[in-house]
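Undergrad: sequence first, then the predicted structure, then my questions.
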Amino acid sequence: MRRVIFHDGGARVAAAAAHLADDYDVRPLAGEPTHALVLVSAGSAARPNGSTRLIGLVEPGDEGPWPVTWYAVLPVDAPSAMLRRAAGNAFADLEAEADLERLERDLAELNAIGIRLSAEANPRFLLETILSKAREITSSDAGSLYIVDQAGDGAHLRFALAQNDSVSVPFRAATLPLTDESVAGYVALTGRIVNLTDAYEPPPDSPFTINRTFDEQARYRTKSMLVVPMRTPQGDTIGALQLINCKGGWRGHLARPEDVERHVRPYGPRHEKLAGSLASQAAVAIHNRRLYLSIRDLFEGFVTASVTAIEARDPTTSGHSFRVAEMTVGLAEVVDRCDTGPYARLRFGADEIMELRYASLLHDFGKVGVREHVLVKSKKLYPADLDRIRHRVELLKRELALRTARAKLDAALARQTDYAVAAARLDAELAAALADLDRHLDLIVVANEPAVQARDYTDDIAAIAGRVWRDADGAPRAILTPDEARVLAIPRGSLTETERRDIQDHVVYTFEFLSRIPWTRELRRVPDIAGAHHEKLNGTGYPNAARAGQIPVQSRMMAIADIYDALTAKDRPYKKAVRSEEALAILDAERRAGALDSALFDLFVSARVFERVTRLS
């Protein structure tokens with residue numbers, strides 16, 4: 001197609017323009033020309049636009065001034081060679097400007113695509129974006145994406161995605177050997193761009209062949225093909241981007257073979273540069289996504305290993321953190337779907353669910369800072385303490401028996417006339433004393449058992465501690481020390497106040513330890529959520545005695561799950577597991593006391609969130 005030169009209609013200008021008719025399509029000026037050269041005379045009303053150039057033809061001796069919008073000024077009777085040179089320069093300037101504008105558009109589009117690729121988190125959408133944008137900027141009718149995957153038996157090529165504007169693509173995921181027998185494999189292995197004018201006629205020395213199976217089944221004709229490698233700046237090949245049938249400016253479908261012959265164009269150097277640039281951006285995006293997923297898997301493994309190691313210090317609580325996380329996330333999902341009540345507008349995104357899950361898994365992380373003998377304490381007294389009491393009772397029994405034997409011996413030596421009666425009385429007193437000691441010891445053993453609900457042994461234990469026995473030498477002896485009596489009088493659980501504070505400090509340790517981890521922005525609240533899971537809405541919780549408005553809703557969810565699992569989990573040395581109904585009744589009592597969130601508890605029960613984990617039958 002010849003380029004167009006317009007003239008403004010003046011006789012002298014028209015005559016000059018006629019000298020260019022052999023090289024250009026010369027026409028009188030009409031309308032608003034584009035991508036053209038206009039020859040004008042002085043005083044012409046023609047004005048240039050961004051895609052035209054004006055050359056002024058003036059009479060000899062005319063000294064101007066000339067409009068600054070003119071590209072050049074020539075005498076109206078200038079030689080043909082001069083006119084052709086000026087016209088060539090003008091068109092070259094137009095092409096340079098068009099190339100610059102095209103380059104700016106391409107760079108802007110590549111930049112926009114790069115931003116979108118870097119922001120896309122969904123792996124499937126990421127691949128679709130890469131392929132669709134590559135086809136868009138190269139005017140391709142179809143395309144495919146291949147990803148290099150590393151497997152145990154070596155690398156292979158995964159057919160990840162296919163798109164086609166003209167025919168339906170029955171896409172099925174498949175893997176190919178990573179060899180140079182396929183064009184995608186050749187590009188992935190060598191890192192070279194393959195640009196085929198006709199895919200059915202590759203260069204004779206090509207190691208690859210084109211598989212026509214899809215074309216034959218879909219009645220499609222693959223003609224021009226551009227395959228570019230997706231390589232990271234480090235030189236790692238991520239995959240290959242395959243583009244098919246460049247349509248130029250045509251936007252229709254290639255429904256018939258004649259449409260392909262008429263409209264498909266070869267891919268040019270510009271397409272190679274654009275596709276290559278996009279493929280590089282795509283490789284970086286995929287590599288970064290893989291790196292993110294590998295880091296997340298690494299951290300997931302670290303969290304799991306940490307929780308397992310912490311629970312190994314107390315094997316009886318094995319699985320507690322995982323069950324609490326399962327129920328807490330389950331309750332959050334129920335809240336997210338809820339459209340009534342105080343949490344109707346509360347929604348949790350994927351990042352917030354992940355944040356809550358990590359906080360739940362690590363909620364007892366601070367137990368690593370609690371002394372192990374306190375952490376695993378199963379009775380009110382430590383085993384060694386109870387053994388000392390048993391030995392004390394056994395020794396006292398022997399002392400009482402020895403004192404009785406001495407009294408009987410003294411009576412016999414004194415030849416008491418009523419020796420038999422006195423001996424019988426002494427034996428009866430000893431038997432009664434021994435029976436009392438046994439009863440006291442039995443009561444101590446019973447009182448030593450921790451209870452879920454409060455039981456008061458204060459008076460009984462005080463009576464035992466206050467009773468004085470006389471040994472063989474008449475010295476006073478007691479079964480219990482004041483400290484032992486105080487511990488045995490604990491109404492609920494197995495911990496003294498000091499030990500309870502030690503255990504409660506695990507929440508402080510949890511917050512301190514988790515705060516040292518450089519969490520990402522999406523997970524930055526993990527320490528706060530985990531550190532508040534023992535707070536109660538009425539201010540009776542710990543460690544900060546926070547009230548409702550100060551407690552994150554995620555921590556309120558975790559509190560319900562934590563208490564429920566602690567009650568219903570398998571038998572532990574310091575407590576028996578309770579059935580689900582009993583546990584819910586205890587939680588309901590806590591709710592009515594203002595300790596737990598009522599709306600969250602109702603959702604926990606109505607949605608039967610507790611059934612997400614294995615329960616006591």
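TA: Yes, it's here. Numbering: from 1, shown residues only.

Undergrad: only C-alpha atoms from now on, for both contacts and neighbour counts.
TA: Will do.

Undergrad: shaky segments in the stretch 101-250 of the chain?
TA: Within the stretch 101-250 of the chain, the stretches with pLDDT under 70 are 102-104, 106-108, 110-123, 151-153, 170-171.

Undergrad: rerun at 90
TA: 101-139, 147-162, 167-179, 204-205, 209-220, 230-239, 248-250 (pLDDT under 90).

Undergrad: all the strands of it, residue numbers only.
TA: Assigned by DSSP state E, counting those that start in this stretch, the strands in the stretch 101-250 of the chain fall at 140-151, 154-164, 174-177, 194-196, 225-231, 237-246.

Undergrad: what's the angle from the longest one to strand 237-246?
TA: Spelled out, that is strand 140-151. Angle of strand 140-151 versus strand 237-246, following axes from the mean of the first three to the mean of the last three CA atoms, to 10 degrees, is 160 degrees.

Undergrad: neighbouring strands of strand 140-151 in the sheet, and parallel or not?
TA: Under the criterion DSSP bridges, strand 140-151 sits next to strand 154-164 (antiparallel), strand 237-246 (antiparallel) in its sheet.

Undergrad: what do you get for the third one?
TA: Each strand that pairs with strand 174-177, with its direction, by DSSP bridges: strand 154-164 (antiparallel).

Undergrad: likewise for the shortest one?
TA: Strand partners for strand 194-196, identified by DSSP bridges, are recorded as strand 225-231 (antiparallel).

Undergrad: okay, the strand it pairs with in CSV with CA atoms only?
TA: Listed next in CSV are the C-alpha coordinates belonging to strand 225-231 (Å, rounded to 0.1, in the frame of the first residue of the first chain):
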residue,chain,number,x,y,z
MET,A,225,3.6,-19.8,16.0
LEU,A,226,5.8,-18.0,18.5
VAL,A,227,7.2,-19.9,21.5
VAL,A,228,9.3,-18.1,24.1
PRO,A,229,11.0,-19.4,27.2
MET,A,230,9.9,-18.2,30.7
ARG,A,231,13.2,-17.7,32.5
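
Undergrad: how far does that strand sit from its chain's centre?
TA: With CA atoms, centre = their mean, to the nearest Å as the basis, strand 225-231 stands 31 Å off its chain's centre.

Undergrad: what of stretch 233-251?
TA: Per CA atoms, centre = their mean, the centroid offset for stretch 233-251 relative to its chain is 30 Å.

Undergrad: ends of it, what's the gap?
TA: Start-to-end span of stretch 233-251 (CA to CA, to the nearest Å) is 34 Å.

Undergrad: and if you look at stretch 558-576?
TA: Terminal residues of stretch 558-576 are spaced 22 Å apart (CA to CA).

Undergrad: quick one: contacts of it?
TA: 316-317, 320, 323-325, 327-328, 360, 377-379, 449-452, 493-494, 533-535, 577-580, 583-584, 587, 596, 601, 610, 615-616 (CA atoms under 8 Å, 6 or more residues apart in numbering).

Undergrad: what about 7 Å?
TA: With CA atoms under 7 Å, 6 or more residues apart in numbering as the contact definition, stretch 558-576 has outside contacts at 316, 320, 324, 327-328, 360, 378-379, 450-452, 494, 533-534, 577-580, 583, 616.

Undergrad: now do the buried residues in that stretch.
TA: For stretch 558-576, the neighbour count (16 or more other CA atoms under 10 Å) marks 558-570, 574-575 as buried.

Undergrad: and for stretch 536-556?
TA: 536-538, 541-543, 545-546, 548, 551-556.

Undergrad: likewise stretch 488-504?
TA: In stretch 488-504, counting by 16+ other CA under 10 Å, buried: 488-496, 499, 502-504.

Undergrad: from those, which land in helices?
TA: 488, 499, 502-504 (DSSP state H).

Undergrad: between those, which is nearest Tyr419?
TA: Nearest to Tyr419 among these is Leu488, at 42.9 Å by CA to CA.

Undergrad: what sits against the closest one?
TA: Listed by CA under 7 Å, 6+ apart, the contact partners of Leu488 are 380, 447-448.

Undergrad: next: Pro28.
TA: By CA under 7 Å, 6+ apart, Pro28 lies in contact with 6-9.

Undergrad: look up how far Val468 lies from it.
TA: From Pro28 to Val468 the distance is 132 Å (CA to CA).

Undergrad: just give me the closest of the buried residues of stretch 536-556 to Val227.
TA: If you rank these by distance to Val227 using CA to CA, Gln554 comes first, at 49.9 Å.

Undergrad: which phi and psi does Ala36 have?
TA: Phi and psi for Ala36, reported as degrees, to the nearest 10, are phi -140, psi 170.

Undergrad: ok, and the closest non-adjacent residue to it?
TA: Once flanking residues are discounted, Ala36 sits nearest to Thr52: 5.0 Å by CA to CA, 6 or more residues apart in numbering.

Undergrad: my read: the one you found touches Leu39, true?
TA: No. Here Thr52 lies out of contact with Leu39, judged by CA atoms under 7 Å, at a distance of 10.6 Å.

Undergrad: if you count what's nearby, which of those two comes out ahead?
TA: Taking other CA atoms under 10 Å, Thr52 and Leu39 do not tie; Leu39 has more neighbours (29 against 20).

Undergrad: contacts only, for the more buried one.
TA: 6-8, 13, 54-57.

Undergrad: which one of the strands paired with strand 140-151 lies nearest to Thr404?
TA: Nearest to Thr404, of all the strands paired with strand 140-151, is strand 154-164, at 88.4 Å by CA to CA.

Undergrad: in the closest one, which residues are buried?
TA: Going by neighbour count (16+ other CA under 10 Å), the buried part of strand 154-164 is 156-164.

Undergrad: what's the closest of those residues to Leu395?
TA: Distances from Leu395 to these, taken by CA to CA, are shortest for His156, at 79.0 Å.

Undergrad: measure that closest one to Ala87 for me?
TA: Distance, His156 to Ala87, by CA to CA: 56 Å.

Undergrad: on that earlier part again, turn the strands of the stretch 101-250 of the chain into CSV, including distance to Ala405.
TA: Output for these, formatted as CSV (distance: least, CA to CA, whole Å):
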stretch, distance to Ala405
strand 140-151, 86
strand 154-164, 89
strand 174-177, 94
strand 194-196, 111
strand 225-231, 98
strand 237-246, 95
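
Undergrad: looking at these, spot the one closest to Val334.
TA: In terms of CA to CA, the element of these nearest to Val334 is strand 154-164, at 34.8 Å.

Undergrad: with only the CA atoms kept, save that closest one in PDB.
TA: This file holds the C-alpha atoms of strand 154-164, laid out as PDB (Å, rounded to 0.1, in the frame of the first residue of the first chain):
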ATOM      1  CA  GLY A 154      13.500 -35.700  37.100                       C
ATOM      2  CA  ALA A 155      12.000 -32.700  35.400                       C
ATOM      3  CA  HIS A 156       9.000 -32.900  33.100                       C
ATOM      4  CA  LEU A 157       6.800 -30.400  31.200                       C
ATOM      5  CA  ARG A 158       3.300 -29.900  32.400                       C
ATOM      6  CA  PHE A 159       0.600 -28.700  30.000                       C
ATOM      7  CA  ALA A 160      -0.900 -26.100  32.300                       C
ATOM      8  CA  LEU A 161      -3.300 -24.100  30.300                       C
ATOM      9  CA  ALA A 162      -4.700 -23.500  26.800                       C
ATOM     10  CA  GLN A 163      -6.900 -20.800  25.300                       C
ATOM     11  CA  ASN A 164      -8.400 -20.400  21.800                       C
END
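
Undergrad: give the next helix or strand downstream of the longest helix along the chain.
TA: For the chain, the helix that runs over the most residues, judged by DSSP H, is helix 269-312. Scanning forward in sequence from helix 269-312 by DSSP states H and E, the next helix or strand is helix 320-337.
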